[in-house]
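Asker: mind folding the following:
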Amino acid sequence: MDPETLRFAKTHEWVSVAGDVATVGITDFAVRLLTDIVYLSLPKVGKVYRPGQAMGEVESVKAVSDIYAPVAGEVLEVNGGLPDQLQLLSESPFERAWIVKLRMSDAGDLQQLLSRAQYLQHCGE
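Answerer: Next up is the predicted model:
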């Protein structure tokens, strides 16, 4: 996935959209900040989230951070193998390390997200 085509939340989640399905992961920047990731919790299929609501967490040797829903929607699928392959978060953050797929309930939520350039500027601040 080309990061330039993704949308980003200030809380370090990325979103790829195909129709009404949003694939969500955490950014390479977030992974670098966390460093040695040791645990990832995933949401349950069928759970409904609103933007900004915590839907899981990632734990490193340094900190525990929530993973927030960047858009409203129902969990269709989780990347169930990811907790056993945490290295993918750093090796393939925008392809193989997706966390969840949500059926969006309001595509307008995407308007609140940042472009890659805006996200990188946000990270530099």
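
Asker: ok, then the element right after the helix or strand bottoming out on mean pLDDT in the chain?
Answerer: Least confident helix or strand of the chain, by mean pLDDT, DSSP states H and E, is helix 28-34 with a mean of 90. For helix 28-34, the following helix or strand on the C-terminal side (DSSP states H and E) is strand 37-41.

Asker: and that following strand, what's buried?
Answerer: 37, 40 (16 or more other C-beta atoms under 10 Å). Bear in mind the C-beta positions are built from the backbone N, C-alpha and C, glycine included.

Asker: check the offset of that strand from the chain's centre.
Answerer: In terms of C-alpha atoms, centre = their mean, to the nearest Å, the gap separating the centre of strand 37-41 from the centre of its chain is 14 Å.

Asker: in its sheet, which strands sit next to it, and in what direction?
Answerer: Paired strands of strand 37-41, with direction, are strand 54-60 (antiparallel) (DSSP bridges).

Asker: any idea of the mean pLDDT for the partner strand?
Answerer: Per-residue confidence for strand 54-60 averages out to 95 on the pLDDT scale.

Asker: can you list contacts of it?
Answerer: 26, 30, 34-43, 47, 49, 64-69, 75, 89, 99-100 (C-beta atoms under 8 Å, 6 or more residues apart in numbering).

Asker: so where does the residue most central in space within the chain fall, helix or strand?
Answerer: Central residue check for the chain by C-alpha atoms, centre = their mean: the C-alpha nearest the mean position is that of Gly25, 2.6 Å away. In this structure, Gly25 is located in strand 21-26 according to DSSP H and E.

Asker: next, count neighbours for the closest residue to Gln112 other than its chain neighbours.
Answerer: If you skip the residues right next to it in sequence, Gln112 has Pro51 as its closest partner in space, 6.9 Å away by C-beta to C-beta, 6 or more residues apart in numbering. As a burial measure, the neighbour count of Pro51 was computed by other C-beta atoms under 10 Å and equals 15.
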